[in-house]
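> Predicted model and sequence follow; I will ask about them next.
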There are 2 protein chains.
Amino acid sequence: MANLVEKKSKNNKVSLSQVARAAGVSTMTASRVLRGEGGYSEKTRIKVMEQVDALGYLPNRLATVFAGDQTSTFIGVSIPDLGNEVFAQVLEGIDRKLGTFGYQSVLGLTQHTQEEEENWIRTVLSWQPAGLILTGRYHSKRATEMLRNAGVPIVEIWDLNAAPLDMSVGINHFDSGFDMGRYLTSLGYKKIGYVGTSHDTANAATERLNGFCKSVDGAGGAVVKQLCLHDTANYYPGFYGTEQLLASTRDIECIFFQNDAMAFGGFQYCTAKGLSIPEDIGIAGWGDLPIASVMNHRLTSCHVPHLKLGQKAAEMMMASLTDEPVPTCVDIGFKLIPGATVLNARR
Amino acid sequence: MANLVEKKSKNNKVSLSQVARAAGVSTMTASRVLRGEGGYSEKTRIKVMEQVDALGYLPNRLATVFAGDQTSTFIGVSIPDLGNEVFAQVLEGIDRKLGTFGYQSVLGLTQHTQEEEENWIRTVLSWQPAGLILTGRYHSKRATEMLRNAGVPIVEIWDLNAAPLDMSVGINHFDSGFDMGRYLTSLGYKKIGYVGTSHDTANAATERLNGFCKSVDGAGGAVVKQLCLHDTANYYPGFYGTEQLLASTRDIECIFFQNDAMAFGGFQYCTAKGLSIPEDIGIAGWGDLPIASVMNHRLTSCHVPHLKLGQKAAEMMMASLTDEPVPTCVDIGFKLIPGATVLNARR
DNA sequence: CCCCGTTGAGTTACCCGTAACGTTCGGCTA
DNA sequence: TAGCCGAACGTTACGGGTAACTCAACGGGG
């Protein structure tokens, strides 16, 4: 008879009721044993656990979530891209911290587009996540609607967002650009260039540039040329972007880059062309990436605690899930790094 | 009466039956409309869709998977760490490709330990993923057991694995180390150092080192000193590791690093100490990271198609899920990059 | 006007685990 | 020894969605 063979369910997985049957108890008893909530004898526990081992039973958390008011342990995490070391570190901070609480990240790479983000949000919400962590503050209209109706905690990271959907942790990019502009102009720089990449949507880098321009303009300097490449914000675009910038505009005294990777690319271009840094031209980056730690000229940059930002986002999420009080908006802060790739005593 | 208010279920989410009730049809009809499988009139379709929009209904995929023979669209992806750019790129390749098929990565950072991996595997399997992509070929005994019983496709990446649990895509690390050793000795290098990091478990870097030593020894050279730091394989450890290496062993002619980030750190250290590269000392890395593209001396390295590797892993997973024929083992290949940080005409 | 095929829509059962409640039975007390 | 109590375990219903089946209405051909 086919009955003699414990038939696994169609997806070929062992279910609790099979374990129970094999152990000669009811599913409820098996359930109690597995959850260790008491109400069973030691003899029963052993019988059940033997069968768990024998059959290789793995609990089906889908069913658990489905059954009760429990929530899943998924946290949807959207990240623009991982080619940018900065975001890789943020993700690392998030996932590690979530892991310590027994939660998992469901990744979404949005490639800096709201459309991708919207699609991803729709999909990930259909999996009943316990919460969402989103990079950036700008979402499509429909995405915003879904997020409002989602009924799960949401942490928006990266951009400081005083009026978040739910919670927010980030830094004030405008201010960080502003501070850098003020710093460079205070050193005497007047004619400054910018090299970055453009994504069609407004983003943090845009805000930094805005803040930067504002302070430079206000201090009597000028951002004489802004180069926004259609490329990734990485080493090589920094390299050739600098080439383009210097080819079109001769008398630039200092270049502000979208991030450290691009700044390093620019640094290498200048060095290769025989320009001395900082004597001939100043270089400033942003983000304080690990590579800065081994450059022989400390890169002028802006330190952002990437890992900590990710961890904080995860902590806020967990706090919200356990109904602890959570601030709606946290400024994780940045720190300007004077560095040695700009001229300190310029006049 | 409370009935007048469409009460949302306890988790505050709109269910299909609520949509159906609001539209004045049965749940089954609403289900049919949402799946677009036909069997309903245009009038009905409109009624249902109106309520979907009005109530902001989002399908509950958990229930769908739970209900039937369908599988989830989760793919568990384990990655050692994201501080290492190489793995970040692999993950990017995986997630992007999975995304095009409507699948999501559930991330697991194993921190290079089998214990973390085992725990993660247990958890992620309980969520009924459609498949798993694992970095590395070494798993704990219990993990291996679980994986065998999981009944889902598994792709082991990074290490080439001729006898995988299910499928595998990677490169032959031993060979890549061997080739590098052969190349360096062919240039005349005899006394060679190595700087890397050690993780307690055997891993790909270890295999590269083994291959490297074998070919160097076989060619009459010697790996005079192997430094295995207890640190991350990043820029700064490359920097201070080189310092340690050169402090303890004077007459090293060339250093092979675990990866390009460390190699760059070493490069910077040497430059800072006034050593000319490649005249005074040779530098070789591994992985061909983006940073190599802007170095004024092309870094001697070994190119690995990280992104492509990730994509291939995702493709194999998808093929397996759609019952297409899939090779069990794919060698994605590597390519030695001679570069300019070693002396080509050394004698 | 009847029969039958087609179309539209409802009913039922099931997936897996858990909450809530029911049942059994051994042991202790009065 | 009857009565009671609680530990141990069983039964039922439920959650959201879908497959398979059933049923009703309608229109067209004979």
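Nice, I can see it. Given the structure is predicted, the values throughout are model-derived calculations rather than measurements. Residues are numbered from 1 along each chain as shown, chains lettered A, B, ... in the order given.
> name the helices or strands packed onto the helix or strand A:A314 falls within?
Under the criterion of DSSP states H and E, A:A314 resides in helix A:306-321. Where contact means 3 or more C-beta pairs under 8 Å, 6 or more residues apart in numbering or on different chains; DSSP states H and E, helix A:306-321 is packed against helix A:85-100, strand A:131-135, strand A:154-159, strand A:167-171. In short, each C-beta sits where N, CA and C put it, glycine included.
> partners of the last one in the sheet?
The sheet places strand A:167-171 alongside strand A:154-159 (parallel), strand A:329-331 (parallel), with pairing taken from DSSP bridges.
> the helices in the stretch 101-250 of chain A, which residues?
Listed in chain order, the helices of the stretch 101-250 of chain A (DSSP state H, counting those that start in this stretch) span A:114-125, A:141-150, A:173-186, A:204-218, A:235-248.
> Serialize the ones you listed to a markdown table and add fields for distance to B:M180 and mean neighbour count.
Formatted as a markdown table, those follow (distance: least, C-beta to C-beta, whole Å; neighbours: other C-beta atoms under 10 Å in any protein chain shown):
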| stretch | distance to B:M180 | mean neighbour count |
| --- | --- | --- |
| helix A:114-125 | 39 | 20 |
| helix A:141-150 | 48 | 16 |
| helix A:173-186 | 41 | 22 |
| helix A:204-218 | 38 | 20 |
| helix A:235-248 | 23 | 21 |
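> got the contact list for A:P327?
Applying C-beta atoms under 8 Å, 6 or more residues apart in numbering or on different chains, one finds that A:P327 lies in contact with A:M167, A:M316.
> Flag every residue of chain A that's near DNA strand C.
A:9, A:11, A:13, A:15-17, A:27-28, A:31, A:34-35, A:59-60, A:63-64, A:66-68 (C-beta under 7 Å from any atom of the strand).
> How far off centre is stretch A:20-32?
Put simply, stretch A:20-32 sits 44 Å off its chain's centre (C-alpha atoms, centre = their mean, to the nearest Å).
> Okay, buried residues for that stretch please.
Residues of stretch A:20-32 classed as buried: A:A20, A:A22, A:A23, A:V25, A:T29, A:A30, A:S31, A:R32 (neighbour count, 16 or more other C-beta atoms under 10 Å in any protein chain shown).
> Who does A:I133 form a beta bridge with?
With DSSP bridges as the rule, A:I133 is bridged to A:V77, A:V155.
> hang on, it packs against A:I94?
Yes. With contact defined as C-beta atoms under 8 Å, A:I133 counts as touching A:I94 (6.1 Å).
> Now the common contact residues for the two.
A:I75, A:V77, A:A313, A:A314.
> And the residue of the stretch 101-250 of chain A that's closest to DNA strand D?
A:S126 (8.3 Å; C-beta to the nearest atom of the strand).
> what's around that residue, how many residues?
16 (other C-beta atoms under 10 Å in any protein chain shown).
> which residue sits closest to it, ignoring its sequence neighbours?
Spatially, and ignoring its direct neighbours in sequence, A:S126 is nearest to B:R61 (4.2 Å; C-beta to C-beta, 6 or more residues apart in numbering or on different chains).
> Then A:V48?
Nearest to A:V48 is A:V33, by C-beta to C-beta, 6+ apart, at 4.3 Å.
> For the one you found, pull up the helix or strand it's in.
Per DSSP H and E: helix A:27-35 holds A:V33.
> Show me what that helix is packed against.
helix A:16-23, helix A:42-55.
> The shortest one packs against which elements?
Helix A:16-23 sits against helix A:27-35, helix A:42-55, with contacts defined as 3+ C-beta pairs under 8 Å, 6+ apart.
> Contacts for it next, please.
A:6, A:8, A:26-27, A:29-31, A:34, A:44, A:47-48, A:50-52, A:54-55, A:57, A:59-60.
> any idea how far it is from the chain center?
43 Å.
> same deal with the last one?
Chain-centre distance of helix A:42-55: 43 Å, with C-alpha atoms, centre = their mean.
> Go through that helix and flag the buried ones.
Buried residues in helix A:42-55 (16+ other C-beta under 10 Å): A:T44, A:R45, A:K47, A:V48, A:M49, A:Q51, A:V52, A:L55.
> Which positions in the helix or strand just after that helix come out as buried?
Using DSSP H and E, the helix or strand that follows helix A:42-55 in sequence is helix A:61-67. Neighbour counts over helix A:61-67 (16+ other C-beta under 10 Å) mark A:R61, A:L62, A:A63, A:V65, A:F66 as buried.
> Tell me the pLDDT of the second one.
This means A:L62. We have a pLDDT of 88 for A:L62.
> from memory it sits against B:F66, does it?
Yes. The criterion here is C-beta under 8 Å, and A:L62 meets it with B:F66 at 5.4 Å.
> give me phi/psi at A:T71?
Main-chain dihedrals, A:T71, degrees, to the nearest 10: phi -110, psi 160.
> any idea how far A:V169 is from A:Y138?
Note on A:V169: its distance to A:Y138, by C-beta to C-beta, to the nearest Å, is 16 Å.
> before we move on, what about A:P338?
Distance of A:P338 to A:Y138, given as C-beta to C-beta: 32 Å.
> More neighbours: these two, which one.
Counted by other C-beta under 10 Å, A:P338 and A:Y138 do not tie: A:Y138 has more neighbours, with 16 against 13.
> if I read this right, the more buried one contacts A:H112, doesn't it?
No. Between A:Y138 and A:H112 there is no contact under C-beta under 8 Å: 10.3 Å.
> Could you export the lowest-mean-pLDDT helix or strand in chain A as CSV, CA atoms only?
Sorting the helices and strands of chain A by mean pLDDT, DSSP states H and E puts helix A:61-67 at the bottom, at a mean of 85. These are the backbone C-alpha positions of helix A:61-67, laid out as CSV (Å, rounded to 0.1, in the frame of the first residue of the first chain):
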residue,chain,number,x,y,z
ARG,A,61,7.9,29.8,8.8
LEU,A,62,5.7,30.8,6.0
ALA,A,63,2.9,28.8,7.6
THR,A,64,3.7,30.2,11.0
VAL,A,65,3.3,33.8,9.8
PHE,A,66,0.3,32.8,7.8
ALA,A,67,-1.3,31.1,10.7
